[in-house]
Structure formats: structure tokens, C-alpha cells
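Student: What follows is a predicted protein model with its sequence.
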Number of protein chains: 2
Amino acid sequence: MATLYGISIGTGDPELITLKGLRLLREASAIAFPAGINGKPGIAQQIIEPWLAYQQPTLALEFPYVSDRNILVQAWQKAADRVWQYLKNGHDVAFACEGDISFYSTFTYLAQTLQEKHPDVKIEVVPGVTSPCAAAATLGIPLTVRGQRLAILPALYSIDELDSILAWADTIVLLKVASIYKKVWQMLKAKNLLESSWLVERATFPEQKIYHLRDRPSLELSYFSILIVQINRSSPP
Amino acid sequence: MATLYGISIGTGDPELITLKGLRLLREASAIAFPAGINGKPGIAQQIIEPWLAYQQPTLALEFPYVSDRNILVQAWQKAADRVWQYLKNGHDVAFACEGDISFYSTFTYLAQTLQEKHPDVKIEVVPGVTSPCAAAATLGIPLTVRGQRLAILPALYSIDELDSILAWADTIVLLKVASIYKKVWQMLKAKNLLESSWLVERATFPEQKIYHLRDRPSLELSYFSILIVQINRSSPP
């Protein structure tokens, strides 16, 4: 039987794919990725574009940005069915996933849906570069050293949560911070943490932007914004 | 002036280096890495061995496993001086770092020491695959999905800490868990979390081992052991 490969392609710079990821991408019979919006190429598709062989069929799979469970389940099943058409005929499929495949990836739902329908399906995944690591590299700062604790939050539901995590973690990474940025900034100011707080937008893409929070009480941010707060600066021991 | 490149080389499998990391490794005038113990090749050196060109000089830099600050500072200064001999003569140096360069890496101390001595030194880093991502990929499980929170702890100082983090995080990753494994297992059993707890030893190396915690109250573990606890299983929404 053929294999579905979940391939982490990194955060934006096409060179941040691993050798293993690129090898399996090139060897696959078909390349799948999340479809873009309004017929435009999706982000994963844009990242791997330099590596695609034009004879490989591509599968743009719909993963709608909704919370309605019925719509989501239908989309996953449709995506799983499209992939299965290849697998059942002995053709490997490589699913290209932005960032790392285990880190907030839609691939998880595709894989789970396929496994439910076809318990014997062969799935292998290749790890890759996460956005927090890419953002830290861009900033030239460590995320963590020695015994430091790292907390990663994909969203904040209330500003109070941040307070309790500040008490525990040495470094906090907030993903998708756009909608709550002003409140977060006020809290970081009150805690005297602005000097060790940075924001990276679209890390490793050509249009990447870096902001030091010190003088940025408000910012118009895109969806792909990562905030890193060093609570205990990573000085030598 | 030349550049010191901090290059993430991934977790063990040589193919988990990024294309960018490999390109910069091959272009550098000299390759640095942490020295092994008792004259043996270090782990980073072993990982990149297939990619080294034999005409490249190598610098095995000593980073002693001690907590004495004086000894550490002396070692960092000696390492910085050795790298500086190349940089000052216009020769790029690539430092190979296991895992990701921003994630608990000794490179941080080398870079900070160089910057203190030579404030104009040019340093660039390339992100890579972290051990938690590699371990999750090996297990075929997601680390996180949707709104889940991730806590990463490099060590536990007391078992009570784990209790407070269990109340907050959806997934916990414990690095270097060997010394406290039995106590952690007892706590996970008491919390009814053994079914969703796994341990990966030397992820992505040929000698990789996987353990489901269910029936493993004690384990003889090496230093490179990663424990992943899914507190809230990552089922579809």
C-alpha cells in the first residue's frame, strides 16, 4: 500500500525545508496542500513552489476557516477521500504543511479522518521548523537556555491568563496575537517587560517585519504574528 | 568582515538539516561544534559527518558539563577566541548545533561572549527541528492542535511543579526526565494520564526507542529522553 507523508516545509523561506522533507516531496506521486482563499495559491503551495516538479499532480484540499463542526467534518472527509483515491491505487501522496506538522497543523484532522475510514492506512510525518524557532532566529535571541521554561499559547481568551503564566514561565510565545495586542502591550508595560518583548510578523518570508515592543502601544498586525516575551533574560549563569 | 553562522542541524537523522543550514555549512571556511567527551566525536559532529567536506578545518569547542561559573566563562572565552581567529581574517565559521539553535543551545553563550568582546561581530542563525517536534513526529501524534497550550520544561525541580502546570497546559513536554522518571510516572498514574503519555529516547537516531508509559513504572533512560503528556487529547473539535 502507498503512504501519506505529512511533510513540514518550514515557516516561509523555501530553503527551510529539511533534506528529508524535500526528498519525499519530490518522490511522491501527488502533492497535497491546504487550498488558498478565493482561488489564490495557499501559503504552503507558495513556499514549496520552487521545489515542485511540474509533472506532479497537485491536490488543493479545502480546510474552511469556520468553527461549525459539521462543515469541518465534511471538509476533512472530502479531503481524505481525494487523498485515498491515490493511496488505494498505490500512489504515495505528500501533504505539505507550513511550519511543523505536529504544531497546530490541519494535517492532524486529515490523518485522523483517513485513519478512521481506513485503519490500515500508512502515514509518516517529517518534522520541521516551527514559527517560534524561526522568529527567535530572526531576532537573534534564544527562546530558552539552561533550565528555562517555555509556554506557547496559540491565542489568549482573557488577559488574566497571561498573568498566571507570567508567574510560571521564563519565556512566553503568543501566536495569533493581533486581536488582543493592545491589551497585551498594556500588561507587559505594567510588568516592566516591554524591553524584552518582540514581535515578528511573517517570519522568514521576504516581507518579514520585526518590532521591538518598547515604543509600539498599538500595531496593525496580520494573522501570522508571533510575540516573544523573555521574562527572565537569558544571561549567562 | 566574516560571519559566524549558528546552524541548527536537527535532532539526529542527518537528513533533518534544512537546505539553508546545509548550504551555509558547506560554504563556511571552518566548521565548529561542541567537543565530545574523552576525545570521542560529539553528537553534532556525528550528525553532520555525512555532509562535511574533508578540506574544511574543524573546531571542536569545549563546553564543559559543570555548573562552576568561572570554568564556564573561561571555556566560552576560549571558544570565542578560537572562532575569532577565523572571523578576523575574513573566514566564515559555521557552528553546528544539535536540534534548534534557539532552543537550549550552548551556541547562545558562544555568541554572547563573542559579542561582548567584539561588538561588531556578524552573527546569523538558521532555525531547525527541535527534539519535541521530532519526538511527536516519531510517535505520529500532534503536539498541539487548535487552541491548545504547550508547556516545555527542561527539568523538574520538584514534582509539585508538574501539578500546577497540569492544571494549565494541554500538552506538556519534559526534557531530561531520566532522574525523576519514577515520581513523574506515579503522578501521571494518579492523574489518570498514563494512556496519553509517551517517552522517546534519542528521537530520529538509528537507536531511537519509544515507550508508552502505561506499563512502564520504571525505565533506565539516557540523557536524551523526551516525555510527552497529552492532557487533553487532540480529538477533532
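Tutor: Looks like it arrived, so ask away. Numbers count the residues shown, from 1 in each chain, chains lettered A, B, ... in the order given.
Student: what's A:Phe95 in contact with, if anything?
Tutor: A:Leu4, A:Tyr5, A:Gly6, A:Ile7, A:Ala32, A:Phe33, A:Leu61, A:Val83, A:Phe107, A:Leu110 (C-beta atoms under 8 Å, 6 or more residues apart in numbering or on different chains). C-beta: built from backbone N, CA, C; applies to glycine.
Student: Which members of these are positioned in helices?
Tutor: Where the contacts of A:Phe95 overlap with helices, as defined by DSSP state H, the overlap consists of A:Val83, A:Phe107, A:Leu110.
Student: any residues touching the helix or strand of chain A with the lowest mean pLDDT, and which ones?
Tutor: Within chain A, confidence by mean pLDDT, DSSP states H and E is lowest for helix A:159-166 among all helices and strands, at a mean of 83. Residues lying outside helix A:159-166 but in contact with it, judged by C-beta under 8 Å, 6+ apart, are A:151, A:153, A:156, A:172, A:180, A:183-184, A:187, A:191, A:193, A:229, A:231, B:168.
Student: Could I get the buried residue list for that helix?
Tutor: Buried residues in helix A:159-166, counted by 16 or more other C-beta atoms under 10 Å in any protein chain shown: A:Leu162, A:Ile165, A:Leu166.
Student: Pick the one among those closest to chain B.
Tutor: Each of the buried residues of helix A:159-166 was scored against chain B by C-beta to the nearest C-beta, and A:Ile165 proved nearest at 7.0 Å.
Student: so how far is A:Leu143 from the closest one?
Tutor: Going from A:Ile165 to A:Leu143 by C-beta to C-beta, to the nearest Å gives 15 Å.
Student: Repeat that for A:Gln186.
Tutor: The spacing between A:Gln186 and A:Leu143, counted by C-beta to C-beta, is 24 Å.
Student: Which of these two has more residues huddled nearby?
Tutor: Comparing A:Gln186 with A:Leu143 by other C-beta atoms under 10 Å in any protein chain shown, the one with more neighbours is A:Leu143, at 30 against 12.
Student: can I see the domain layout of chain A?
Tutor: Listed domain ranges for chain A are A:3-126, A:131-230 (source: automatic domain parsing).
Student: out of the ones you listed, nearest to B:Pro14?
Tutor: With C-beta to C-beta, the closest approach to B:Pro14 among the domains of chain A belongs to domain A:3-126: 7.9 Å.
Student: how far is the closest one from where the chain is centred?
Tutor: The chain centroid and the centroid of domain A:3-126 are separated by 13 Å, computed with C-alpha atoms, centre = their mean, to the nearest Å.
Student: tell me the mean pLDDT for it?
Tutor: With pLDDT averaged residue by residue, domain A:3-126 scores 96.
Student: and it, how far apart are its ends?
Tutor: Taking C-alpha to C-alpha, to the nearest Å as the measure, domain A:3-126 stretches 13 Å from start to finish.
Student: Also stretch A:189-198?
Tutor: Between the opening and closing residues of stretch A:189-198 we find a distance of 13 Å, counting by C-alpha to C-alpha.
Student: any bit of that stretch sitting next to chain B?
Tutor: No: Stretch A:189-198 lies out of reach of chain B by C-beta under 8 Å from any C-beta of the partner chain, never closer than 12.4 Å.
Student: which residues sit against that stretch?
Tutor: Under the contact criterion C-beta under 8 Å, 6+ apart, stretch A:189-198 has outside partners A:135, A:139, A:141, A:166, A:185, A:188, A:210-214, A:217, A:227-231, A:233.
Student: Out of the residues you listed, which end up buried?
Tutor: Taking 16+ other C-beta under 10 Å as the criterion, what is buried in these is A:135, A:139, A:141, A:166, A:185, A:188, A:211, A:213, A:227-231.
Student: Among those residues, which ones are in strands?
Tutor: Among the buried ones among the contacts of stretch A:189-198, the residues falling in strands (DSSP state E) are A:Tyr211, A:Leu227, A:Ile228, A:Val229, A:Gln230.
Student: Output those in JSON lines, with pLDDT and distance to chain B appended to each entry.
Tutor: Listed next are those as JSON lines, based on pLDDT from 0 to 100; distance: C-beta to the nearest C-beta, whole Å:
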{"residue": "A:Tyr211", "pLDDT": "96", "distance to chain B": "18"}
{"residue": "A:Leu227", "pLDDT": "96", "distance to chain B": "15"}
{"residue": "A:Ile228", "pLDDT": "97", "distance to chain B": "10"}
{"residue": "A:Val229", "pLDDT": "96", "distance to chain B": "14"}
{"residue": "A:Gln230", "pLDDT": "96", "distance to chain B": "11"}
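Student: would you turn these into JSON lines with distance to A:Val66?
Tutor: As requested, those are exported to JSON lines (distance: C-beta to C-beta, whole Å):
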{"residue": "A:Tyr211", "distance to A:Val66": "31"}
{"residue": "A:Leu227", "distance to A:Val66": "26"}
{"residue": "A:Ile228", "distance to A:Val66": "30"}
{"residue": "A:Val229", "distance to A:Val66": "31"}
{"residue": "A:Gln230", "distance to A:Val66": "36"}
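Student: and which of these is nearest to A:Asp13?
Tutor: Sorting these by how near they are to A:Asp13, with C-beta to C-beta, puts A:Ile228 at the top with 18.5 Å.
Student: separation between that closest one and A:Leu72?
Tutor: Using C-beta to C-beta, A:Ile228 is found at 30 Å from A:Leu72.
Student: what are the bridge partners for the spatially most central residue of chain A, then?
Tutor: Here the mean C-alpha position of chain A is nearest to the C-alpha of A:Gly99 (C-alpha atoms, centre = their mean), at a distance of 4.2 Å. Taking DSSP bridges, one finds A:Gly10 as the beta-bridge partners of A:Gly99.
Student: Give me the neighbour count for the closest residue in space to A:Leu175 that isn't next to it in sequence.
Tutor: Spatially, and ignoring its direct neighbours in sequence, A:Leu175 is nearest to A:Pro154 (4.7 Å; C-beta to C-beta, 6 or more residues apart in numbering or on different chains). Burial of A:Pro154 is recorded as 19 neighbouring residues (other C-beta under 10 Å).
Student: Quick check: A:Pro154 touching B:Asp170?
Tutor: No: with contact taken as C-beta atoms under 8 Å, A:Pro154 and B:Asp170 are classed as non-touching, separated by 9.8 Å.
Student: Give me the spatial nearest neighbour of A:Lys78, chain neighbours excluded.
Tutor: A:Glu62 (6.9 Å).
Student: Pull up the gap between the nearest residue to A:Pro41 once chain neighbours are set aside and chain B, please.
Tutor: Distances taken as C-beta to C-beta, 6+ apart place A:Glu49 nearest to A:Pro41, at 7.5 Å, with adjacent residues excluded. Distance of A:Glu49 to chain B, computed by C-beta to the nearest C-beta, to the nearest Å: 14 Å.
Student: Can you classify A:Glu49 by secondary structure?
Tutor: For A:Glu49, the assignment made with DSSP: H, G, I helix; E, B strand; the rest coil gives helix.
Student: Wait, it touches A:Ile9, no?
Tutor: No: using C-beta under 8 Å, A:Glu49 is not in contact with A:Ile9; the gap is 10.7 Å.
Student: Looking at the two, which one has more neighbours?
Tutor: Counted by other C-beta under 10 Å, A:Glu49 and A:Ile9 do not tie: A:Ile9 has more neighbours, with 30 against 10.
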